[in-house]
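*Asks:* Next come a sequence and a model predicted from it.
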Amino acid sequence: MNLSHLPLRVTIGAYVLNSGLSKLNLEGEAAVSVHGMAVGAIPPVKRVPPETFARLLAGTEIALGAALLLPVIPSALVGAGLVGFGGGLVRLYWATPGMHGPGDPRPTQHGTGLAKDSWLVGAGLTLLLDDLFGRAAGKRRALGRRLGGRPRRG
């Protein structure tokens, strides 16, 4: 893990882990509410019972949050997880009526809570791309040294 990824991984990891832990015991109306929002954006979720969906969502958030906090897990891998998870939340924002105006990407007052989850996609892409391109640059520098050339910056 790149040391510069640490602040991003710790803050987002703690946030996502806490979110998952808070959903771990959702039952009744709370589980139905979370499930209902998901069904509105992703209709096949309707086949999953609300309490099962809530447990799966909690488990996903706990796993992703823990992975972000564990420095042995590559940033590209947790970045890809954040892009997928954040992408699902952005889908929820776009598909839920009243979250933004017709033809307008800007959130309504009700949509701000969901629209802010777009930062997960941005953070995930940052971790993914920086890790992949950082490794590629390191390999180019190492190859240059082996071939006796001057190491290139970047």
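*Replies:* In hand now; what should we look at? All values reported here derive from a predicted model rather than from experimental measurement.
*Asks:* Around Leu68, count how many other residues there are.
*Replies:* Leu68: 28 surrounding residues under other C-beta atoms under 10 Å. For every residue, glycine as well, the C-beta is placed using N, CA and C.
*Asks:* and it, what element?
*Replies:* Assigned by DSSP states H and E, Leu68 belongs to helix 50-69.
*Asks:* quick one, whichever helix or strand comes after that helix and helix 50-69 angle?
*Replies:* Sequence order places helix 75-95 as the next helix or strand after helix 50-69, per DSSP H and E. Relative orientation of helix 75-95 versus helix 50-69 (axes from the mean of the first three to the mean of the last three C-alpha atoms, to 10 degrees): 140 degrees.
*Asks:* Show me what helix 75-95 is packed up against.
*Replies:* Other helices and strands packing on helix 75-95, by 3 or more C-beta pairs under 8 Å, 6 or more residues apart in numbering; DSSP states H and E, are helix 6-23, helix 28-41, helix 50-69, helix 112-115, helix 118-146.
*Asks:* if we can go back for a sec, buried sites along the helix holding Leu68?
*Replies:* Buried residues in helix 50-69, defined by neighbour count with 16 or more other C-beta atoms under 10 Å: 50-51, 53-55, 57-58, 60-62, 64-65, 67-69.
*Asks:* try stretch 103-117
*Replies:* For stretch 103-117, by 16+ other C-beta under 10 Å, it's 107, 111, 114-115, 117.
*Asks:* What's the end-to-end length of that stretch?
*Replies:* 19 Å (C-alpha to C-alpha, to the nearest Å).
*Asks:* List the contacts of that stretch.
*Replies:* Stretch 103-117 is contacted from outside by 86, 89-90, 92-93, 96, 98-101, using C-beta atoms under 8 Å, 6 or more residues apart in numbering.
*Asks:* Give me the buried subset of those.
*Replies:* Taking 16+ other C-beta under 10 Å as the criterion, what is buried in the contacts of stretch 103-117 is 86, 89-90, 92-93, 96, 99-100.
*Asks:* Turn those into TSV, columns for distance to Val121 and pLDDT.
*Replies:* Shown next, in TSV, are those (distance: C-beta to C-beta, whole Å; pLDDT from 0 to 100):
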residue	distance to Val121	pLDDT
Gly86	4	94
Leu89	8	92
Val90	6	92
Leu92	12	91
Tyr93	11	91
Thr96	17	87
Met99	16	92
His100	16	92
